[in-house]
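> The amino acid sequence is not available; the structure is as follows:
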């Protein structure tokens, strides 16, 4: 291990009383409701953590984020607000689309607790599953109106026995304000210091009593963001660092070198003749033959390429480049442009004093824009009879002369086809959902609830102008027929390979020749992907108490649920045969039927005794049966059992200890089981060839033989809530968690596969194919049950509220997360990613070892408030596979050595001012202005999966201004 340090239940599930300090955000809501001059401890708020009605606090840690936190931050949606909390990692947002675009979903805000992957975070709405937005069965919070939210509850621990599959790292429950009466509106606009990332957001909601026994709530919102263009629009990215890998045979410099002024050269936009791989062995610069190192001006005239001080098979240090921020391997938007709008309705009808019927309906629309990288190749074969060969009066630049003198009949050309251009991606997502629920009071404290839910998610991705690899290769392989450049396949002796549509393409320079438009039209095409996900859920629960114990009633809950998820996806004919270079679609078909039953017990054993103010135990068990089928793969079925045990002990009324242990599971989703197998390319450092950098083909996709993950979770914590004196305004909680996942489902990443193979892992070696020269011809990186994941850490929450005179108050809240371990274990051993704040393509992302989120709010009566938000990410390391000079085990000759592996910390400061105006009885307006990232802190200057930086952890936008108005009446 290398490390550089510097209500959650369904339906009408009843709730439990929780300490106000269970969440600083919860305390903030209470403090905002009560007049500041009171300055007394907040009363316990009602949060859910169990299916059983009880006066005891749940043993599982439950945190709450409410609308007050969103208001203080000026957050346009709940996804952004939650992703600021230290327990979350922003794995899938508009700023990280470059990592997830291959999965087809662009611009979503999908929650990821603990850095264990969004597929292991269960997202609920009012305690019920929401129809999945993706084929990975994850939920896009963009589809849920934030303006209707009352609060979000986060169970930060294993909870599968209570809530079902996928609740491995925790559960997020988004609770709607079903009792809203009157109207509320919010309008907000924002723009970055650089004139981009323009955001417009508007939302409205209303609630009305319909007679004496019914209530209707309706709300919706619209948001549009223009995003941030590619690396070239930010100095930290345009002039950022790139990893230059040493050439084979060199051992007096590190294998990896994080350097500035590094540019791609063997895939230059104007084209360049490239040497064989042997030219780099033992050299800082390649040994060139006469035919090598010739590049071309825009008009195609040849000239000598200007080398820098060092060059490998992909990059060079110094020398000429295509321009600042121009990187043929990374040309993605830093933040993808997005548009979303949604609506929700909830009707509550008390049919009789015992029977309540509820109906909820949702509609959501989201769309995002991205692009597939332009076609690039470092070794296109160009034959000597190609009619586009540029001529020169200089014999050292005249390619036909050089070929004739050298006895060669062909040469290799490297080119990034920016003149053809990248394929443009547009993704649209539409979701509808309807839930009908009935709750009946059975009498004697018993109640039953049942509901049916139907959801449908329609997804479409359109690729415009995507490069078809086979067509481009045919178009550049041209001959002259009667003086006219003609595709060789149409001029050779065979008629079997003819392609009448083929138009010869000049690859030298940039967009040359009168037939370029026709050639571009031939080598590009449009593609699409459609996915329709449907979900049916039927569930029923009964809760009540059997008898009384010395500490209170013995509570029980039991129930059953049936769920059926299906995904059907179609695509164009070219995508079905993997013809697009990148960005094509794929066929997918799969169905998963789930039948499960559960039981839960809450036993309040003792209370109000010396050293036992409260003592209770909680347990739950769930049995789940999965039936899996597909149009393309064989059917299968399996069953699993999950369980949970927990206890709460309060020796006195102001301190409480809690502990849980659970067995949790995550079943593979449709995409992991029955999704497509696709081809792509990725950059990696090949230790088996002396650490040479190369671009390798990658096969990725599904595996119908996957088994469920099994997680053992342990949490223990303490809650402190003084009752008297100066300390009565203080709240704190500290919780330790330990989650160990066996048979973890994941892709390993191409870099990890070749690295672990070089270290002797036979499984990794079985996934790497090489030719007789040792060059990688393919890496198989499909889904596997191969790893063990371990995450351990501590969550800390504190708050304090100090009155300042009669009407004013100062509130401080701090949330901190210390991730002690985030370990992946394979056949070779453990890899530690706690503290890994760099992000390299082809490797799993890490998580900071320390993240602190603080909020200081000054309330000046009912007139105005000022908030300062600070987020700190500790210094970390760039790559768990690298060893820098400051780390133990460093050896300059090693294939894992790096000139640096240390990433600096970052502190972000945000300011917000709110001015409050009352406009009569029950009417108020809040006008607010704010600045995010006040000091315009850039991401740490390191290579990244988007070209530079780590958009998952760090702010890529820069200084950002926003203003808006909230009103209610």
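All right, it came through fine. Remember, it's a predicted structure, so these values are computed and weren't measured experimentally.
> Strands of the stretch 451-600 of the chain, start to end?
With DSSP state E, counting those that start in this stretch as the criterion, the stretch 451-600 of the chain has strands at 478-481, 484-487, 524-549, 552-571, 588-609.
> swap that for the stretch 851-969 of the chain, please
In the stretch 851-969 of the chain, the strands defined using DSSP E, counting those that start in this stretch lie at 864-873, 876-877, 902-903, 906-918, 924-932, 960-968.
> follow-up on the earlier one: looking at the strands of the stretch 451-600 of the chain, which is closest to residue 124?
strand 524-549 (11.4 Å; C-beta to C-beta). No exception for glycine: its C-beta is placed from N, CA and C like everyone else's.
> sorry, back to before: looking at the strands of the stretch 851-969 of the chain, which one is packed in the most?
strand 876-877 (a mean of 28; mean count of other C-beta atoms under 10 Å).
> name the helices or strands packed onto that strand?
With contacts taken as 3 or more C-beta pairs under 8 Å, 6 or more residues apart in numbering; DSSP states H and E, strand 876-877 sits against strand 902-903.
> which helices and strands does the strand it packs on pack with?
Under the contact criterion of 3+ C-beta pairs under 8 Å, 6+ apart, strand 902-903 touches strand 876-877.
> Quick one: the strands of the stretch 851-969 of the chain as JSON lines, columns for distance to residue 719 and mean pLDDT too.
As requested, the strands of the stretch 851-969 of the chain are arranged in JSON lines below (distance: least, C-beta to C-beta, whole Å; pLDDT from 0 to 100):
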{"stretch": "strand 864-873", "distance to residue 719": "24", "mean pLDDT": "96"}
{"stretch": "strand 876-877", "distance to residue 719": "30", "mean pLDDT": "96"}
{"stretch": "strand 902-903", "distance to residue 719": "34", "mean pLDDT": "95"}
{"stretch": "strand 906-918", "distance to residue 719": "28", "mean pLDDT": "96"}
{"stretch": "strand 924-932", "distance to residue 719": "32", "mean pLDDT": "95"}
{"stretch": "strand 960-968", "distance to residue 719": "32", "mean pLDDT": "96"}
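> so can I have a markdown table of those strands showing distance to residue 717?
Shown next, in a markdown table, are the strands of the stretch 851-969 of the chain (distance: least, C-beta to C-beta, whole Å):
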| stretch | distance to residue 717 |
| --- | --- |
| strand 864-873 | 23 |
| strand 876-877 | 25 |
| strand 902-903 | 30 |
| strand 906-918 | 27 |
| strand 924-932 | 32 |
| strand 960-968 | 35 |
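> So for residue 196, which of those sits nearest?
Residue 196 sits nearest to strand 960-968 of all these, at 10.0 Å, using C-beta to C-beta.
> okay, the angle between that closest one and strand 906-918?
Put simply, strand 960-968 runs at 30 degrees to strand 906-918, going by axes from the mean of the first three to the mean of the last three C-alpha atoms, to 10 degrees.
> tilt between strand 960-968 and strand 924-932?
On the basis of the same axes, to 10 degrees, strand 960-968 is oriented at 170 degrees to strand 924-932.
> Quick one: list the elements packing against strand 960-968.
Using 3+ C-beta pairs under 8 Å, 6+ apart, strand 960-968 is in contact with strand 182-192, strand 924-932.
> so what does the first one touch, helix or strand wise?
Which is strand 182-192. Looks like strand 182-192 contacts strand 199-209, strand 960-968 (3+ C-beta pairs under 8 Å, 6+ apart).
> right, so of those strands, which gets closest to residue 722?
The closest of the helices and strands packed on strand 182-192 to residue 722 is strand 960-968. By C-beta to C-beta, the value is 33.7 Å.
> For the stretch 651-800 of the chain, which segments count as helices?
Ranges of helices within the stretch 651-800 of the chain are 670-674, 750-758, 762-766, based on DSSP state H, counting those that start in this stretch.
> Below-threshold pLDDT in the stretch 801-950 of the chain: ranges please.
842 (pLDDT under 70).
> swap the cut-off to 90 and go again
805-807, 824-831, 839-845, 861-862, 881, 895-896, 918-923, 944-949 (pLDDT under 90).
> want to try JSON lines for the helices and strands packed on strand 182-192, with distance to residue 779 as columns?
Below are those laid out as JSON lines (distance: least, C-beta to C-beta, whole Å):
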{"stretch": "strand 199-209", "distance to residue 779": "39"}
{"stretch": "strand 960-968", "distance to residue 779": "39"}
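> Those: which one's closest to residue 700?
Short answer: strand 199-209, nearest of the helices and strands packed on strand 182-192 by C-beta to C-beta, at 33.4 Å.
> buried stuff in the next helix or strand after the closest one?
Next helix or strand after strand 199-209 toward the C-terminus (DSSP states H and E): strand 214-225. Within strand 214-225, the residues that count as buried by 16 or more other C-beta atoms under 10 Å are 215, 216, 217, 218, 219, 220, 221, 223, 225.
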